[in-house]
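S.K.: this is the structure alone, sequence omitted:
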């Protein structure tokens, strides 16, 4: 039996194994663009945050809160979830509210799907059972953030069908506002960092996106970009496998995360 100090996820869980990899940050742009492709999510982000001035902050907050919930001790994880829910409680507009279970499910789905896609592209392939376990374990995090248990697709294949359905013929469709915000994701206005430095990130983000969303955003995807992306997919896993844990993963196995470290 776990003590109160134990985390919500065990040290040996597939959730910790996947989320520990720093390289998953490469999938952050994909997750953001998928989220913004939902008009109501884009409206909430644009009208209730400093996204246009500091687009990287949303990704940073998402990463740090996820790390607190996944790797923190039980009370740290629950406090992080409460903090997120309190922020969401204040986000509402003319035809949306952040605590809408359907919006929460879509945002959650983009993070789960992007984690799996990025891990398998840049770390290593997972077995079918590992992918299923990762999805099932993700429901705990989703419920903590306000998604009713009966809203989740039951199995991983149902989840994939849900994501595909939302992208192909659901409520998700790229608006002019989403395109404006997407440009800030792909080329964020970072001080001391010239725009061309972000080109590799832009290529990776574009390559990881579902083709339908890539096209809807109007992102360039010519032969040169495709070759660069294929090179990254071939080279990065080799680099990751040779990188020492102190640089490759965070937190190191056996170490927890405090809520103070995420602020």
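M.R.: Arrived safely, thanks for sending. As the structure is a computational prediction, the values presented were derived from the model and not from experiment.
S.K.: where does pLDDT dip in the stretch 101-250 of the chain?
M.R.: With pLDDT under 70 as the threshold, the stretch 101-250 of the chain has low-confidence stretches at 190-198.
S.K.: for it, just list every one of the helices.
M.R.: Counting by DSSP state H, counting those that start in this stretch, the stretch 101-250 of the chain forms helices over residues 101-122, 128-144, 156-169, 176-186, 199-208, 211-216, 223-242, 245-248, given from the N-terminal end onward.
S.K.: now the shortest one, how far from the chain's geometric center?
M.R.: So the one you mean is helix 245-248. Relative to the mean C-alpha coordinate of its chain, helix 245-248 is positioned 21 Å out (Cα atoms, centre = their mean, to the nearest Å).
S.K.: try the first one
M.R.: Averaged C-alpha coordinates place helix 101-122 at 5 Å from its chain's average position (Cα atoms, centre = their mean).
S.K.: remind me what it packs against, helices and strands.
M.R.: helix 14-19, helix 28-36, helix 39-47, helix 128-144, helix 156-169, helix 199-208, helix 223-242 (3 or more Cβ pairs under 8 Å, 6 or more residues apart in numbering; DSSP states H and E). Placement of C-beta: from N, CA and C, glycine included.
S.K.: highest mean neighbour count out of the ones you listed?
M.R.: Relative to the other members of these, helix 28-36 carries the highest mean neighbour count by mean count of other Cβ atoms under 10 Å, namely a mean of 26.
S.K.: next, the angle helix 199-208 makes with that helix.
M.R.: 50 degrees (axes from the mean of the first three to the mean of the last three Cα atoms, to 10 degrees).
S.K.: tell me which residues are up against helix 28-36.
M.R.: Taking Cβ atoms under 8 Å, 6 or more residues apart in numbering as the criterion, the residues outside helix 28-36 that touch it are 41-42, 45, 55, 58-59, 62-63, 106-107, 110-111, 113-114, 117-118, 167, 172, 178, 181-182, 185-186, 201-202, 204-205, 208-210, 213, 217.
S.K.: those, buried ones only, as a PyMOL selection?
M.R.: Isolation of the buried members of the contacts of helix 28-36 (16 or more other Cβ atoms under 10 Å) is achieved in PyMOL through the command below:
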select buried, resi 41+42+45+55+58+59+62+63+106+107+110+111+113+114+117+118+167+172+178+181+182+185+186+201+202+204+205+208+209+210+213+217
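S.K.: skip the chain neighbours and tell me the closest residue to the residue most central in space within the chain.
M.R.: Closest residue to the average C-alpha location of the chain: residue 111 at 3.2 Å, with Cα atoms, centre = their mean. Counting by Cβ to Cβ, 6 or more residues apart in numbering, residue 111 lies nearest to residue 31, which is 5.4 Å off, once chain neighbours are set aside.
S.K.: from residue 62, how far off is the one you found?
M.R.: Using Cβ to Cβ, to the nearest Å, one gets 8 Å for the distance from residue 31 to residue 62.
S.K.: where do the contact lists of these two overlap?
M.R.: In the contact map built from Cβ under 8 Å, 6+ apart, the residues linked to both residue 31 and residue 62 are residue 111.
S.K.: hang on, the earlier thing: and the residue nearest to residue 111, how close does it get to residue 38?
M.R.: As defined by Cβ to Cβ, residue 31 lies at a distance of 12 Å from residue 38.
S.K.: thank you, goodbye.
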